[in-house]
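starting from these lines, generate the structure:
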Amino acid sequence: MYKKFIFLLFVMPPLFLNNVQAEFATPVQSPAMALQMPGLSMSCEAEPVFNGRACIYEVNKEAKESIVLVHGLNAEAARWAAQIKVLKDRYHVISFDLPGFGQSSRGNELYSPTNYARFVRYVTQKYIGKPFYLVGHSMGGTIALRYSAMYPADVKRLVLADVGGVLHQYSYAKSIALKWFKVLQRVTNWAIPGFEDMPIMHELANTFFQNLDWLPIDVRDALQIPELRRIILNGNSIPIASVAVSTEDFSGTIRNNKTPTLIIWGAYDLVTPIRTGKILQVRMPKAYLKVLARSAHSSMTDQPEAFNKLMLAHIEQMDTELSHQHWQFPLFEKSQRIGKCSNEFEKTFTGNYLRIELENCRKAIIKNANIGSIMAKNASIEIETSQIISKDIAITLFDSSLNITSSNITANIGIQTVRSYIDVAGIDFKIKTAAVNNFGQSSAVFSVCTVNGKPLHRYKDFTLEGRI
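Coordinates of the predicted model:
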């Protein structure tokens, strides 16, 4: 029973968290009520990807420009009612209940982002037949991301909101579990400052991950076999889609996606970590991120006016106007400055450093920095949008935890570690000897990283010495 609980909590987090989030989400009208508007038609027809029936909604098909809206997990086309009302007078709008959801048919099928992208392709070829604007939310954002990689010539502009997946499932589960722990502290008025950042919390999460080894088959393999989907996931579209979106690898997708992309995120999203949005912003060549300060996971229903304004501006702006918003790392500048943190909490480092030294430092925050090297002992570190360039070892860790996002590491050895926990996401390593050189009793999870241009997306338990 204990091991089954671990499986449900950490391999299937999107299902669990989306159901929790639904309890607090902005109420949405029933599909029949929400999509009752002049000119909007609905047709339910056979589709060839899942061999079922799909319900498709269309309005203003005479318009020159088309927009396709893709909903998320356990939702339906009605989630886009506020956007359809704004778009329908100027654009040809297409939305649908994805197979397995809404009024479309459900079955024991492989509801993966890749298969959903094939379904969207079927719909758009039949109803549009030319390049269009593509908007996706949550799992729909993952589908849109996959679609634009598979059929890049089809997509003129891309809008991704509160995207699910992308992070390795272990990293995703860990980040969301810690975020909900903070919520629980506030709700119960029980709080120990900085407790969620203490090594014991990361050790607990990593212990959970290591206990997944009992599974007799890789869950990704199980998804491919109908009988195993029936046994493990009850043949139900919601858990199947949930597991599929959390296990699909986007390492080779985001860096090659040259579609101009707007990323929208709710500041209070408890389902999909904003870390994902920051990775997409930095690693997609033509992307930029906008955060809605008063929105949770469903940004298009939480703040529809703000969402619509951002969406329309992205669709209608000239390429030259958008290019000024795309992310770029600043030019690396050398420095002789030494940054230090000893027996402190939440110390922040920005700018240029020759070296940063951390000892007994809880939650050192390194952001928008250029650094020669980092040395940490008994520390917890968060690094974001920074560059570490060294002729030897970029980051050395002893009894520490490292969470590093959307950064570049150029060195002989990227990270050298002893008894430490590493969560590495959206990192580009340029190394001579090893991305990670471990001397034992450490673990690392890599999400959509590259090592000398080759994708790295995996979990590794370094019980013994080892290198990646």
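
which stretches of the stretch 1-150 of the chain have low pLDDT?
The stretch 1-150 of the chain contains residues with pLDDT under 70 at 1-34.

strands of that one, start to end?
Secondary structure of the stretch 1-150 of the chain (DSSP state E, counting those that start in this stretch): strands at 41-47, 52-59, 66-70, 92-97, 132-137.

now tabulate the ones you listed in JSON lines and tack on mean neighbour count and distance to Thr114.
In this view, the C-beta of every residue, glycine as well, is placed from N, C-alpha and C. JSON lines is the format used below for the strands of the stretch 1-150 of the chain (neighbours: other Cβ atoms under 10 Å; distance: least, Cβ to Cβ, whole Å):
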{"stretch": "strand 41-47", "mean neighbour count": "13", "distance to Thr114": "15"}
{"stretch": "strand 52-59", "mean neighbour count": "20", "distance to Thr114": "17"}
{"stretch": "strand 66-70", "mean neighbour count": "25", "distance to Thr114": "14"}
{"stretch": "strand 92-97", "mean neighbour count": "25", "distance to Thr114": "17"}
{"stretch": "strand 132-137", "mean neighbour count": "27", "distance to Thr114": "14"}
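
nearest to Ala369, of these?
Nearest of the strands of the stretch 1-150 of the chain to Ala369, taken as Cβ to Cβ: strand 132-137 at 32.7 Å.

distance of the nearest residue to Phe132 once chain neighbours are set aside from Ala394?
In space, and not counting its chain neighbours, Phe132 is closest to Ser66: 4.0 Å by Cβ to Cβ, 6 or more residues apart in numbering. Here Ser66 is placed at a distance of 47 Å from Ala394 (Cβ to Cβ, to the nearest Å).

work out for me the element Asp249 sits within.
Following DSSP states H and E, one finds Asp249 outside all helices and strands.

ok, the residue lying closest to it once chain neighbours are set aside - contacts?
When the adjacent residues along the chain are set aside, Asp249 lies closest to His457, with 4.8 Å between them (Cβ to Cβ, 6+ apart). Shown in contact with His457 (Cβ atoms under 8 Å, 6 or more residues apart in numbering): His168, Asp249, Phe250, Ser251, Phe446, Ser447, Val448, Cys449.

need the max-distance pair from those residues.
Between any two of the contacts of His457, the greatest separation by Cβ to Cβ is 12.5 Å, found for Phe250 and Phe446.

sorry, back to before: surely the residue nearest to Phe132 meets Leu134?
No - counting by Cβ atoms under 8 Å, Ser66 does not reach Leu134; the two are 9.6 Å apart.

please, where are all the helices along the stretch 201-350 of the chain?
With helices called from DSSP state H, counting those that start in this stretch, the stretch 201-350 of the chain shows them at 219-223, 226-233, 237-247, 274-283, 299-302, 304-316, 319-323.

out of those helices, flag the one nearest Gly102.
Gly102 lies closest, by Cβ to Cβ, to one member of these: helix 237-247, at 10.5 Å.

report all helices and strands that that closest one contacts.
Under the contact criterion of 3 or more Cβ pairs under 8 Å, 6 or more residues apart in numbering; DSSP states H and E, helix 237-247 touches helix 13-22, helix 139-150, helix 169-188, helix 219-223, helix 226-233.

could you check how far Asn51 is from Arg118?
According to Cβ to Cβ, Asn51 and Arg118 sit 12 Å apart.

neighbour count for those two, which is higher?
More neighbours surround Arg118 than the other of Asn51 and Arg118, with 18 against 11 (other Cβ atoms under 10 Å).

got a list of what the more buried one touches?
With contact taken as Cβ under 8 Å, 6+ apart, Arg118 is in contact with Val49, Met150.

how far away is Pro152 from Arg467?
35 Å.

do the same with Met318
Met318 is 48 Å from Arg467, by Cβ to Cβ.

out of the two, which sits in the busier spot?
The neighbour count for Met318 versus Arg467, taken as other Cβ under 10 Å, is higher for Arg467 (12 against 7).

surely that one touches Ala434?
Yes - with contacts counted by Cβ under 8 Å, Arg467 reaches Ala434, the gap being 4.2 Å.

could you list every residue that touches Lys108?
Quick fix: residue 108 reads Asn, not Lys. Applying Cβ under 8 Å, 6+ apart to Asn108 gives the contacts Pro226, Arg229, Arg230, Gly235, Asn236, Ile240.

for the spatially closest residue to Ser380 that is not a sequence neighbour, give me the pLDDT.
The shortest distance from Ser380 to any non-neighbouring residue, by Cβ to Cβ, 6+ apart, is to Ser401 (4.7 Å). With respect to pLDDT, Ser401 scores 95.

count of neighbours near Ser401?
For Ser401, the number of neighbouring residues by other Cβ under 10 Å comes to 25.

my guess is it meets Val424, correct?
No - using Cβ under 8 Å, Ser401 makes no contact with Val424, being 11.7 Å away.

overlap of the contact sets of those two?
The contact sets of Ser401 and Val424 do not overlap (Cβ under 8 Å, 6+ apart).

sorry, back to before: looking at the strands of the stretch 1-150 of the chain, which is nearest to Trp265?
Closest to Trp265 of the strands of the stretch 1-150 of the chain is strand 132-137 (Cβ to Cβ; 10.9 Å).

what strands line up against that closest one, and which way round?
The strands that strand 132-137 pairs with in its sheet are strand 66-70 (parallel), strand 155-161 (parallel) (by DSSP bridges).

residue contacts, the residue most central in space within the chain?
With distances taken as Cα atoms, centre = their mean, the residue of the chain nearest its centroid is Thr276 (3.6 Å). For Thr276, the contact set (Cβ under 8 Å, 6+ apart) comprises Val163, Val166, Leu167.

the first one belongs to a strand?
No - residue assignment for Val163, taken from DSSP: H, G, I helix; E, B strand; the rest coil, gives coil, which places it outside any strand.

so how many other residues sit close to the nearest residue to it once chain neighbours are set aside?
Closest residue in space to Val163, ignoring its immediate chain neighbours: Gly141 at 3.6 Å, by Cβ to Cβ, 6+ apart. Residue crowding around Gly141 was assessed by other Cβ under 10 Å; the count is 31.

equivalent analysis for Ile356, please.
Here the count is done by other Cβ under 10 Å, and Ile356 has 26 residues near it.

ok, back up a step: the residue nearest to Ser380 bridge partners, please.
Applying DSSP bridges, one finds that Ser401 bridges with Ser380, Tyr421.

how close does it get to Glu344?
If you go by Cβ to Cβ, the gap between Ser401 and Glu344 works out to 16 Å.

with Asp319 instead?
46 Å.

more crowded one of the two?
Neighbours per residue (other Cβ under 10 Å) separate Asp319 from Glu344, with Glu344 holding more: 15 against 9.

list the residues that contact Pro465.
One correction, residue 465 is Glu, not Pro. Contacts for Glu465 (Cβ under 8 Å, 6+ apart) come out as Asn438, Phe439, Gly440.

dihedrals phi and psi, it?
Per-residue torsions, Glu465: phi -60, psi 150 (degrees, to the nearest 10).

am I right that Gly235 is in contact with Ile225?
No - contact between Gly235 and Ile225 fails when scored by Cβ under 8 Å: they sit 11.4 Å apart.
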